[in-house]
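Asker: What follows is a predicted protein model with its sequence.
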Amino acid sequence: MDKISNKSQKLLFNLIYASFVFCLVYLFGLGMGLKLNIMLQVLIVLLGSMMVKFFLLNPLILYGLLAISSLITILIHRFVSPILFTIIERILSLFKNIIAHLQGKESIASDNMLLFWAILIILVSLFTAFILFRSKNIYLLLPIYIVSFLYYWYNFFNQAYWMISIFLLAFFILIGLNKYSQKKLQNLYNPWFHTLTTYSILIVFIALLLPKSYNYIEWPWLQQKVYTIFPFIEDLRSYDIYSRKSGNATLFNFSITGYQSESSKLGGPVYLSDKRIMTVRISDSTYLRGNVKQVYTGNSWDTIIEPSANYGLKQDFSGISQEEQKIYYKQEYITITYHDFASTTLFSPYKPAKVSFSDNHMLKVNRDDVLVFSNGVYNGESYLVLVQKPLPYGMLVSLGIEQKKKDMTDLNIYLQIPKDKITERTKDLVREIVKDTKDDFEKAVAIENYLRNNYKYSLDVEYVPENQEFIDYFLFEEKEGYCTYYATSMAVMLRLSGIPSRYIEGYLAKDSIETGVYEVKHENAHAWVEAFIEPVGWMTFEPTPAYPVESRLENYQLNESDKDMELNEARENIRGPRNDIDDQNIDGDQTTVDGRKPNYEEDYEDTSTGLTSNTVDLFIIILLLIIPLRFLVGFLQYIYREFKAKKLSNNERIIYLYKRILRLKELLGCPQRYGETHYEYANRIAYKFYSYEEIGIKEITEIFVESKYSNSVSSDENVLKLERYRKTMENRLKSYLGKMKYYYQKYVKKIY
């Protein structure tokens, strides 16, 4: 812009410049959790932005001040106190915290917050001042500012709504001033400026007054189409419908997951979403029950509406005695945090016992242990569930558990079959499947295996024809489908065999993002079956071939002489240490990093008053070169090790590659247990690394055992298989740790 002589115009430009900076850094402060009076923030931003502008326009003064400050610091360090060590350590600590914060690993420490905010003020002021007073192309401000405002607004910082309004008001005035300055019509300044300001204020004010509502047109089919083509749209603000103030939490309905277009009808096209809705903290992958349905109609499942029992939070509603808990169950804790999701249904594995939440409302529990919290759980909120998970089938039988069908309440509900709906060929098929079985457990396993082995898992299916029973169509005509097809078929086939069953809908937490933490998306929605098997009671069955079957230890034998020791050891293999549910913190707040200020006087005693600047420089250089040098050494050692390995025979190379694969599995959270054979280890973890298009750990183990313990010479093809599998595991570890941490661990710490 041309130089503006009018003092009022200069003042207005400076106010616009400062307001731009404030709008953005105020949101930055909110994002990092800055607790500072807003008027004090205005004063700090005003002073800071004016100083940055002054130094930008007068750089020689800045250089002079920096030179004088550096000289004073060096003199103090040499003759008074070695403060350079303190300054260097403080700067490193600050930037380490900032980098970790930007990576999403930790919050800004309390003693770093003001410093970080001050750095942001300087950076934003420098950028804005350069555009306004040097570049003079004011439209370059729009992409940075507007994108930042939208980002914070979509992340539920409602203050961004007002900041963008202030920014647009100031920007409209700036546009007018820019045009006015170019024309230099000084005599028109007062009436023109009055008109410009009036209209700018009116535009923004009317926009703010326009009616707003959370009610919007819902069109699920179109919504899923848009999300499929433009997946990033689903990550936007979504009208804030999942916040507590919206009050839109409802019972879980399977149709919201994309697996059914209608909640009342089974089958049909699938519209999956990869939107994250939960983070689950638990020791291993698990089923999260959301719905239990008992009545099959021929093309859908219905839930019997019944009164539910009310329980207080942290009150035990399991109905299991203390003695039974100790003998037949393993105690686990699961913490679930919602993300852009709200529900009055509380998801939990079977069998939940206690729930802890920051609210004090009552919890409703029905006959099938479905949990409903009428006050709802919303975006960003967490709850903790204590689960009494039954021990595997074989252990329960060995321990002498006695659960009988005749003792069940409302047995007929779980044996219900729609009259004149199930075809004769379906009944004949069930009789053929179970004809050689001895008891209910063998019948259930036979049905489960039949469905897993004889039908294709596919999401690409058509609607079930009208007037055709769903199971019959799947078993004899379509012969492919997804989880609802398999679960429905097994539930009804169990009932035809006289085994009580119930149809379960929910999610499968199976995607681990770090040890003990699982990410759940809508595409992880799943349906499965629970059957009442004498003498152990309700058991989970997985008829869908795309998912692994839980270990049941059918041939488990308990040695009476070592009963207590063996039982405790078996329990410890499948659960972590017990904790008191009342001691768990589930308020949903993120834990901040330790805000303790380093005690530099203690950490660095004054033993080096004679140090020269060369010593300090050498220290800085060494500090900066330690990591690169270690990285280079580690990289060269790795290359040399691989070079030597390539010269090994095929059998020796397979043994070498297998050891590297085991190490990768361990780093991914699946170490081999003490005393566990290679085959036992492979069978235990196979489902965690299952993929249709990749070779599996079982085949890898087979190749290794043959190479190590037989006299045959392994082929080049087998070596290539292990090399490809190792590469796959390396890529998984890289994704699991992140690229920077992966290469640091690999070449600097040399843990692999």
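Answerer: Right, received. Where do you want to start?
Asker: how about the closest residue in space to Ile417 that isn't next to it in sequence, what does it touch?
Answerer: Excluding its sequence neighbours, the residue lying closest to Ile417 (C-beta to C-beta, 6 or more residues apart in numbering) is Arg495, at 5.5 Å. Using the backbone N, CA and C atoms, a C-beta is placed for each residue, glycine as well. For Arg495, the contact set (C-beta atoms under 8 Å, 6 or more residues apart in numbering) comprises 414-417, 501.
Asker: State the helix or strand in which Arg495 lies.
Answerer: Using DSSP states H and E, Arg495 falls within helix 483-496.
Asker: Next SSE downstream of that helix?
Answerer: Next along from helix 483-496, by DSSP H and E: strand 501-509.
Asker: Give the partner strands of that next one in its sheet and their orientations.
Answerer: Strand 501-509 pairs in its sheet with strand 286-293 (antiparallel), strand 525-533 (antiparallel), by DSSP bridges.
Asker: who's in contact with it?
Answerer: Outside strand 501-509, the residues that reach it (C-beta under 8 Å, 6+ apart) are 252, 254, 257, 278, 280, 282, 285-294, 296, 301, 347, 368, 414, 487-488, 490-492, 494-495, 518, 520, 524-532, 547.
Asker: The residue nearest to Ile417 and Ser148, how far apart?
Answerer: Taking C-beta to C-beta, to the nearest Å as the measure, Arg495 falls 58 Å from Ser148.
Asker: Over to Glu442?
Answerer: According to C-beta to C-beta, Glu442 stands 63 Å off from Ser148.
Asker: which one of these two has more residues nearby?
Answerer: Using other C-beta atoms under 10 Å, the more surrounded residue of Glu442 and Ser148 is Ser148, with 19 against 14.
Asker: so which strand or helix has that one?
Answerer: In this assignment (DSSP H and E), Ser148 forms part of helix 141-154.
Asker: Which neighbouring elements make contact with that helix?
Answerer: Applying 3 or more C-beta pairs under 8 Å, 6 or more residues apart in numbering; DSSP states H and E, we find helix 141-154 packed against helix 7-32, helix 159-183.
Asker: so which of these comes closest to Ile654?
Answerer: Evaluated over the helices and strands packed on helix 141-154, closeness to Ile654 peaks at helix 7-32, with 51.3 Å, by C-beta to C-beta.
Asker: Remind me which helix or strand Lys389 belongs to.
Answerer: strand 382-390.
Asker: Within the helices and strands, which one has Met539?
Answerer: According to DSSP H and E, Met539 maps onto strand 537-541.
Asker: same question, Thr279
Answerer: Assigned by DSSP H and E, Thr279 belongs to strand 276-281.
Asker: Using PDB, list the CA coordinates for the strand holding Lys389.
Answerer: The C-alpha trace of strand 382-390 is given here as PDB (Å, rounded to 0.1, in the frame of the first residue of the first chain):
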ATOM      1  CA  SER A 382     -15.400 -42.100  29.100                       C
ATOM      2  CA  TYR A 383     -16.800 -44.800  31.200                       C
ATOM      3  CA  LEU A 384     -15.200 -47.800  33.000                       C
ATOM      4  CA  VAL A 385     -16.700 -51.300  33.100                       C
ATOM      5  CA  LEU A 386     -15.700 -54.100  35.400                       C
ATOM      6  CA  VAL A 387     -16.300 -57.400  33.500                       C
ATOM      7  CA  GLN A 388     -16.500 -60.900  35.000                       C
ATOM      8  CA  LYS A 389     -15.500 -62.800  31.900                       C
ATOM      9  CA  PRO A 390     -16.100 -66.600  32.100                       C
END
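Asker: Please enumerate residues in contact with the next helix-or-strand element following that strand?
Answerer: Note on strand 382-390: by DSSP H and E, the next helix or strand toward the C-terminus is helix 393-399. Contact with helix 393-399 is made by 327-328, 390-391, 441, 533, 535-536, 539, 552-558, 567, 570, as judged by C-beta under 8 Å, 6+ apart.
Asker: Could I get the buried residue list for helix 393-399?
Answerer: For helix 393-399, a neighbour-count test (16 or more other C-beta atoms under 10 Å) marks 393-398 as buried.
Asker: same question, stretch 360-372
Answerer: Going by neighbour count (16+ other C-beta under 10 Å), the buried part of stretch 360-372 is 362-372.
Asker: Could you work out the most separated pair of these?
Answerer: Met362 and Asp368 (18.4 Å).
Asker: give me every residue that touches Thr286.
Answerer: 280, 334, 349, 508-509, 518.
Asker: Let's test this: mean pLDDT of the helix or strand containing Arg78, rounded?
Answerer: Arg78 is part of helix 59-79 when elements are defined by DSSP H and E. Mean pLDDT, helix 59-79: 80.
Asker: Then stretch 17-33?
Answerer: Taken as a whole, stretch 17-33 has a mean pLDDT of 87.
Asker: coming back round to it: tell me the one of the buried residues of stretch 360-372 nearest Lys404?
Answerer: Nearest to Lys404 among the buried residues of stretch 360-372 is Arg367, at 17.1 Å by C-beta to C-beta.
Asker: Could you tell me which residues make contact with the closest one?
Answerer: Arg367 sits next to 306, 409-410 when contact means C-beta under 8 Å, 6+ apart.
Asker: and it, how far is that from Glu306?
Answerer: Relative to Glu306, Arg367 is positioned 7 Å away (C-beta to C-beta).
Asker: need the strands for the stretch 301-450 of the chain, in chain order.
Answerer: 301-302, 309-311, 329-338, 343-346, 352-356, 363-365, 371-377, 382-390 (DSSP state E, counting those that start in this stretch).
Asker: which ones are touching the residue lying closest to Cys23 once chain neighbours are set aside?
Answerer: In space, and not counting its chain neighbours, Cys23 is closest to Met163: 4.2 Å by C-beta to C-beta, 6+ apart. Contact analysis of Met163 by C-beta under 8 Å, 6+ apart lists 23-24, 26-27, 149, 152.
Asker: about what we covered before: how many degrees apart are the helix holding Ser148 and helix 7-32 in direction?
Answerer: If you take axes from the mean of the first three to the mean of the last three C-alpha atoms, to 10 degrees, helix 141-154 sits at 40 degrees to helix 7-32.
Asker: Residue nearest the middle of this protein, spatially speaking?
Answerer: Glu519 (3.9 Å; C-alpha atoms, centre = their mean).
Asker: Cool, thanks, signing off.
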